[in-house]
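Q: just to be clear, the model below is a prediction. Sequence and coordinates:
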Amino acid sequence: MRIDEHGRFDGADLVTGSAVRSFRETRDVAWQMRSRSRSTRADDEDRVPSYQDRRIEFGARMRQVREDAGLNGGQLADRLGWLLPKLSKLEHWRQTASDADLDAWIAALAVPAADAARLRAMLGTVREAYESWREQLKAGIKSIQEDALDREANARLIRAVDVGVVPGLVQTADYARAVLLAARALHGGADDITEGVRARMRRQQILFEPGRSIELLMTESALLHPLGTPEVMAAQVHRLIAAIGTPNVRVGVLPAGQRLPYPLVHGYWIVDHLVMVETITGESHVSDPDEVGTYMELTDRLWAVAAEGDQARALLAAHWRG
């Protein structure tokens, strides 16, 4: 399902108001449409719904609510003040809705309180689901980066803690290429490295937009165990030094040998009230307020022992000269 250059749907609708009237039917239709785009598996009926399954289910439910209200996509987009492609992405599982997106959707369609609560619960289930990198990379690196771009575009707070890698928002193009090549070599996926690098570079525009707070914390091990050539790493270190002092952007390094308040076994990103936990094989989304609070507290403690400002510049400069 795609949108053509004129903003029109290209292909048949996923579900229609006359054909789908219950939550269960919506789910079944969504899964059937998705299964036709994949090779048949003997155990499809027994498998646990994945992150993508749940996102499809949620998008189909949003579409059903809109159609039951008697509005087409263009009418609802106008009512919300959105571009039609954004609405289409939400309904056709190309993008996961934010809390603000869902609240606006509910208000625009005057969704009853009980149905609104179910929609919010569904969204929470989507966010807490786990998706392997191998599964995500089937759609291509560009798709992953564009999803991140959409999520970060409306964020007011971003707190990144990366272990062994430079945060994506301050990566150079050559370093990003080395990181993405390493990911594809391990997990496979579409051959769209160049498009993925371009999408990652577009994400960095938010560093210079007002109205948000961005914190980028990395371990020095990202430089001690480089992913790129010496020339690539020298340019990357220079980029990090240049990023220090950018308004509304905090850049820090956890020095090698520094005693930490808690063992860092994986990296994670906090985007507003959502935590994305990255492991070697995949990523999970956490939205439970208590768990998010724990990640926020840990991040505060890590910053307390991090090098930043002139101290970070000196640490990075030593790697540049080396």
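A: Yep, that arrived.

Q: all contacts plus neighbour counts: C-alpha atoms, from now on.
A: Will do.

Q: okay, now Thr194: neighbour count?
A: A total of 15 residues lie near Thr194 under the criterion other Cα atoms under 10 Å.

Q: same check on Ala148?
A: Ala148 has 15 neighbours, counted by other Cα under 10 Å.

Q: same thing with Gly245?
A: 13.

Q: ok, now Glu91?
A: For Glu91, the neighbour count with other Cα under 10 Å is 25.

Q: so Ala60 sits against His92, correct?
A: Yes. At 7.0 Å, Ala60 and His92 qualify as touching, with contact defined as Cα atoms under 8 Å.

Q: following the helix or strand hosting Ala178, which helix or strand shows up next?
A: Using DSSP states H and E, Ala178 maps to helix 173-187. Sequence-wise, the next helix or strand downstream of helix 173-187 (DSSP H and E) is helix 193-203.

Q: in PDB, list the C-alpha atoms belonging to that following helix.
A: Provided in PDB are the C-alpha atoms of helix 193-203 (Å, rounded to 0.1, in the frame of the first residue of the first chain):
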ATOM      1  CA  ILE A 193      23.300   1.300   2.700                       C
ATOM      2  CA  THR A 194      23.600   4.600   0.800                       C
ATOM      3  CA  GLU A 195      19.900   5.400   1.200                       C
ATOM      4  CA  GLY A 196      20.200   4.500   4.900                       C
ATOM      5  CA  VAL A 197      23.200   6.800   5.400                       C
ATOM      6  CA  ARG A 198      21.300   9.700   3.800                       C
ATOM      7  CA  ALA A 199      18.300   9.100   6.000                       C
ATOM      8  CA  ARG A 200      20.600   9.000   9.100                       C
ATOM      9  CA  MET A 201      22.200  12.300   8.000                       C
ATOM     10  CA  ARG A 202      18.700  13.900   7.700                       C
ATOM     11  CA  ARG A 203      18.000  12.900  11.300                       C
END
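
Q: relative to Arg94, how far out is Ala155?
A: 18 Å (Cα to Cα, to the nearest Å).

Q: quick one on the thing from earlier: when Ala60 and His92 are compared, which one has more neighbours?
A: For Ala60 against His92, the residue with the higher neighbour count under other Cα under 10 Å is Ala60, and the figures read 28 against 23.

Q: compare Ala155 and Arg94 (neighbour count), which wins?
A: Neighbour totals were compared for Ala155 and Arg94, and Arg94 leads with 20 against 17 (other Cα under 10 Å).

Q: for the more buried one, what are its contacts?
A: Arg94 sits next to Asp147 when contact means Cα atoms under 8 Å, 6 or more residues apart in numbering.

Q: can you tell me the SS state at it?
A: The three-state assignment at Arg94 reads coil, by DSSP: H, G, I helix; E, B strand; the rest coil.

Q: Tyr268 now?
A: Taking three-state DSSP as the rule, one finds Tyr268 in the strand state.

Q: make 677 the starting number, not 1.
A: Got it, first residue is 677 now, which makes that one Tyr944.

Q: and it, how far from Ala854?
A: 20 Å.

Q: of these two, who's got more company?
A: Tyr944 (22 against 18).

Q: leaving out sequence neighbours, find the closest residue to Tyr938.
A: Counting by Cα to Cα, 6 or more residues apart in numbering, Leu974 is the residue found nearest to Tyr938 once chain neighbours are left out, at 7.6 Å.
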